[in-house]
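>>> Turn this into a structure:
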Amino acid sequence: MARHKYAVTIAAFLLIICFLDQNNLMQRLHHHRQIHNLKSEIEHYTTLRDKSIQGLQELAKDSNNLERIAREKYGMHLPNEEVFIIK
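Next up, the predicted model:
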């Protein structure tokens, strides 16, 4: 045992670092995966936000786009016209 005290010490240290510590190897891998997922989610919502901003700017520029969206999405119409909804 006295001959291998450095090997035992190193093995115990690696065991503690890899499995028993609060910031062990498994936790680090889990956090790395979680960070990757969150970054992809941020990218998704950033592109969604950019598309929404672009659509809002188009609506602000032209009132015909606002009327078109009101008719298509919300089924609005003028008082003197008939609307037929085909599904």
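
>>> How much space separates residue 32 from residue 59?
41 Å (C-beta to C-beta, to the nearest Å). Yep, even glycine has a C-beta here, placed from its N, CA and C like the rest.

>>> do residue 5 as well
Residue 5 is 75 Å from residue 59, by C-beta to C-beta.

>>> Show me the helices in this protein, by range?
All helices of the chain, identified by DSSP state H, fall at 5-15, 25-61, 63-74.

>>> Quick one, which of those gets closest to residue 84.
Evaluated over these, closeness to residue 84 peaks at helix 63-74, with 12.0 Å, by C-beta to C-beta.

>>> could you give the angle of the closest one to helix 25-61?
Between helix 63-74 and helix 25-61, the angle comes out at 120 degrees (axes from the mean of the first three to the mean of the last three C-alpha atoms, to 10 degrees).

>>> got the CA coordinates for helix 63-74 in PDB?
The C-alpha trace of helix 63-74 is given here as PDB (Å, rounded to 0.1, in the frame of the first residue of the first chain):
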ATOM      1  CA  SER A  63     -53.100  50.400 -44.900                       C
ATOM      2  CA  ASN A  64     -54.100  47.900 -47.600                       C
ATOM      3  CA  ASN A  65     -52.000  45.200 -45.900                       C
ATOM      4  CA  LEU A  66     -53.800  45.900 -42.600                       C
ATOM      5  CA  GLU A  67     -57.200  45.600 -44.300                       C
ATOM      6  CA  ARG A  68     -56.100  42.300 -46.000                       C
ATOM      7  CA  ILE A  69     -55.000  40.800 -42.700                       C
ATOM      8  CA  ALA A  70     -58.200  41.900 -41.000                       C
ATOM      9  CA  ARG A  71     -60.200  40.200 -43.700                       C
ATOM     10  CA  GLU A  72     -58.100  37.000 -44.000                       C
ATOM     11  CA  LYS A  73     -57.300  36.300 -40.300                       C
ATOM     12  CA  TYR A  74     -60.200  37.800 -38.500                       C
END
